[in-house]
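> got a sequence here, can you build the structure:
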Amino acid sequence: MNFWLQALIQFSFCYASTVAFAICINVPRRGLNCAGIAGMLGWVVYWLLYKAGVSVLIGNLLGAFAIGIAGVLFARWKKMPVIMFNIPGLVPLVPGATAYEAVRAFVSNDMDQGIQLLVRVIMVAGSIAVGFMFAQLFGDITRPRWGMHRKEDAAEEAADKRAGRM
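Prediction:
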C-alpha cells in the first residue's frame, strides 16, 4: 500500500477514535477537536518512529511527550484542564492488544510467553508515563509566572508613582 494512503488512513482513524473516546468520557464540545488532534499527533510521532525502525518504547515515550505538550498548549489556549486532552489522546498508544495476548497466553498455560508479553506491556506503560511526566515538566518550566509577585510589583509601582519616577 502507498505510504501516503496508509498514513492518511492511520491518522484519520486515530483522530476519529480519539474524538469518540473523548465523547464517551464527556469532554466538552469545545475541546473535542483539540483532543482528537492531540491523540493524532501522538500517534503520528509513534507511527513514524515505528516505520523508521525505532524501538517501540522510544516511540511510545516520544508519542506520549507529544500528546502531553499538545495537551498543555491546548489547555492554555482553551482554558481547560490538561487532562481533557491527555486522557483521550492516550487511547491510541495504550498497548491493549499486547495486554490481551498476555492474558490469553496465561489462560492457555503458556507462562513464558505470558510473562514476556506482560513485561512488554509494563515497559510500554512506563514509557508512556515517563513521556507524560517530561511533558508536564516542560509545561511547568514554560508556564508564565505572571501572578507570582503581583503584590510586590504593585507596591513597587505605587512607590515609583509617588516618587515621580514614572
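> what's the closest non-adjacent residue to Phe11?
Met40 (5.4 Å; Cβ to Cβ, 6 or more residues apart in numbering). Every C-beta, even on glycine, is put in place using the N, C-alpha and C of the backbone.
> neighbours of the one you found, just the number please.
26 (other Cβ atoms under 10 Å).
> how much space separates it from Ile122?
26 Å (Cβ to Cβ, to the nearest Å).
> I'd like to know which elements the regular element (helix or strand) spanning Val130 is packed against.
In this assignment (DSSP states H and E), Val130 forms part of helix 111-142. Packing contacts for helix 111-142, counted by 3 or more Cβ pairs under 8 Å, 6 or more residues apart in numbering; DSSP states H and E, involve helix 56-78, helix 96-107.
> any buried residues in the last one, and which?
By neighbour count with 16 or more other Cβ atoms under 10 Å, helix 96-107 contains the buried residues 98-99, 101-102, 105.
> which residues touch the nearest residue to Phe106 once chain neighbours are set aside?
Distances taken as Cβ to Cβ, 6+ apart place Gly114 nearest to Phe106, at 4.0 Å, with adjacent residues excluded. By Cβ atoms under 8 Å, 6 or more residues apart in numbering, the contact set of Gly114 is 102-103, 105-106.
> which pLDDT value goes with the spatially closest residue to Ala66 that is not a sequence neighbour?
The spatial neighbour of Ala66 that comes closest, neighbours along the chain excluded (Cβ to Cβ, 6+ apart), is Val45 at 4.5 Å. We have a pLDDT of 95 for Val45.
> hmm, Val45 is touching Gly59, no?
Yes: using Cβ atoms under 8 Å, Val45 makes contact with Gly59 at a distance of 7.3 Å.
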